[in-house]
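K.L.:
quick one, what's the 3D model for this:
(one chain, ligands or ions: 1)
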Amino acid sequence: MRAVQMDTPGGPEVLKLREVPLAAPAAGEVQLQLRYAGLNFIDVYHRSGLYPLPMPATLGREGMGTVEQLGEGVSGLSVGQRVAFAMHPGSYAERVNVPAWLLAPVPDAVSDEVAAAAMLQGLTAQFLTRTTWPLAAGQLVVVHAAAGGVGGLLVQLGRLLGATVLATAGSEAKRQLARELGAHEVASYDEFAEVARGLGRAHVIYDGVGQATFRAGLDALRPRGMMVLYGAASGPVEPLDPQLLNQKGSLFLTRPSLGAYIQDAAEVQQRAAELFGWIAAGQLQVRVDRVFDLSEVAEAHRHIEARGTLGKVLIRTGG
Ligand code: NDP
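P.N.:
As a prediction, the model looks like this:
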């Protein structure tokens, strides 16, 4: 099969399309014929070496396709069934073997493209708003990079769950998109803390930007507010003295990751069912920015790193 691999960390040019073998699925695994892989910022961290991988590596941690072959002991899934997954490596490829427990069935009402686009970022937005800090009506929430993948979904879920959403983004056009997605207020990265203070301070901040926004965020939270640092698109946050959380008003700080929130089949199914339910009901719009071919993955990486994306970038893997 064809797959995009890298032998060494570096720029987008290290990504090579090659013919590689794929073993039959092991016990408990399912072989998928992939239709789409989703591009995520973590793929850039893997490619650049920020998160080191054993080499050679096939990138991509999210995909959608059909069940082609069942490994020993797998039940509850059938050949030809449409499924999606997140947090398993190797989706920049025509086929992949995935543990059966990680697979979520895709309902008929959700298209292939939307399922692929929704899975990793959507499950992230779901666990951040439902479990990490269960958002409630009347709360003030700050969402950074609100025109991006996870950010755009957080804005919509914030509104759906009755919160007041203050959204930030890096350009006027992106802030306008955040408004269209449902943000009540928008601000630049330089101004958001002041705006939040003017609104009575935030109950929670969802920060996937990191270095550029984190410190100002601590001054925008109300006493006992929650800083949810879930990414580092602008670079990693410097270490901090826990005493600072005391000084800023007994704040909470968490650094969550999707892997810890989908620990077994029940959790995958429950979160995916709620996510696909919102989409099927028209309550959550999943915006696809661009679709690249498997041969164009390097260009797709350049595109996401250039901060030009308005929504999700997909790789068409065939099928
Ligand atoms: P996005 O589509 O949101 O892209 C990242 C956005 O971050 C950019 O569009 C840009 O928006 C903003 N940004 C701010 N500063 C920079 C910078 N210096 N360089 C590049 N981008 C910058 O990506 P995702 O939705 O895929 O991911 C968002 C964040 O969430 C990432 O940090 C990612 O690692 C994290 N994440 C974490 C997960 C978890 O489980 N913890 C799961 C999924 C994603 P703008 O131009 O408006 O500033």
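
K.L.:
and for the closest residue to residue 177 other than its chain neighbours, the neighbour number?
P.N.:
Residue nearest to residue 177 in three dimensions, not counting chain neighbours: residue 147, with 4.4 Å by Cβ to Cβ, 6 or more residues apart in numbering. To be clear about C-beta, it is placed using only N, CA and C from the backbone, and glycine gets the same treatment. Number of residues near residue 147 (other Cβ atoms under 10 Å) recorded here: 29.

K.L.:
would you pull up the residue in the stretch 201-319 of the chain closest to the ligand?
P.N.:
Of all residues in the stretch 201-319 of the chain, residue 231 sits closest to the ligand, at 2.2 Å by Cβ to the nearest ligand atom.

K.L.:
does that residue touch residue 210 like I think?
P.N.:
Yes - contact between residue 231 and residue 210 holds when scored by Cβ atoms under 8 Å: they sit 6.3 Å apart.

K.L.:
just give me the residue right at the centre of the protein.
P.N.:
When Cα atoms, centre = their mean is applied to the chain, the residue found nearest the centroid is residue 121 (2.5 Å).

K.L.:
how close does the nearest residue to it once chain neighbours are set aside get to the ligand?
P.N.:
Spatial nearest neighbour of residue 121, chain neighbours left out: residue 149 (4.1 Å); criterion: Cβ to Cβ, 6+ apart. Separation of residue 149 from the ligand (Cβ to the nearest ligand atom, to the nearest Å): 3 Å.

K.L.:
for the remainder of this discussion, apply numbering that starts at 77.
P.N.:
Let's use 77 as the start, then, which means that last one is residue 225.

K.L.:
wait, isn't residue 95 in contact with residue 81?
P.N.:
No - with the criterion set as Cβ under 8 Å, residue 95 and residue 81 do not qualify as a contacting pair; they are 10.4 Å apart.

K.L.:
more crowded one of these two?
P.N.:
Here residue 95 and residue 81 are compared on neighbour count by other Cβ under 10 Å; more neighbours surround residue 81, at 18 against 7.

K.L.:
and the helix or strand residue 79 falls within, which residues are buried?
P.N.:
When secondary structure is defined using DSSP states H and E, the element that contains residue 79 is strand 78-82. Of all the residues in strand 78-82, those buried under the rule 16 or more other Cβ atoms under 10 Å are 79, 80, 81, 82.

K.L.:
and those residues, which is closest to residue 328?
P.N.:
Closest approach between the buried residues of strand 78-82 and residue 328, by Cβ to Cβ: residue 82, at 37.5 Å.

K.L.:
could you find the closest non-adjacent residue to the closest one?
P.N.:
If you skip the residues right next to it in sequence, residue 82 has residue 90 as its closest partner in space, 4.5 Å away by Cβ to Cβ, 6+ apart.

K.L.:
from the contact counts, what lies against whichever strand or helix holds residue 347?
P.N.:
Using DSSP H and E, residue 347 falls within helix 341-356. With contacts defined as 3 or more Cβ pairs under 8 Å, 6 or more residues apart in numbering; DSSP states H and E, helix 341-356 has these neighbours: strand 180-181, helix 188-203.

K.L.:
let me know which of the ones you listed is tucked in deepest.
P.N.:
Mean neighbour count, computed with mean count of other Cβ atoms under 10 Å, is highest for helix 188-203 among the helices and strands packed on helix 341-356, reaching a mean of 26.

K.L.:
what residues are up against residue 249?
P.N.:
Residue 249 is in contact with residue 223, counting by Cβ atoms under 8 Å, 6 or more residues apart in numbering.

K.L.:
pretty sure it sits in a helix.
P.N.:
Yes - secondary structure assignment (DSSP: H, G, I helix; E, B strand; the rest coil) places residue 249 inside a helix.

K.L.:
that one and residue 224: what is the separation?
P.N.:
Taking Cβ to Cβ, to the nearest Å as the criterion, residue 249 is separated from residue 224 by 13 Å.

K.L.:
from memory residue 282 sits against residue 230, does it?
P.N.:
Yes - at 5.2 Å, residue 282 and residue 230 qualify as touching, with contact defined as Cβ under 8 Å.

K.L.:
hang on, the earlier thing: can you redo the helices and strands packed on helix 341-356 as a markdown table with mean pLDDT?
P.N.:
Shown next, in a markdown table, are these (pLDDT from 0 to 100):
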| stretch | mean pLDDT |
| --- | --- |
| strand 180-181 | 98 |
| helix 188-203 | 97 |
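
K.L.:
okay if I get the ones you listed as CSV plus distance to the ligand?
P.N.:
Formatted as CSV, these follow (distance: least, Cβ to the nearest ligand atom, whole Å):
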stretch, distance to the ligand
strand 180-181, 16
helix 188-203, 4
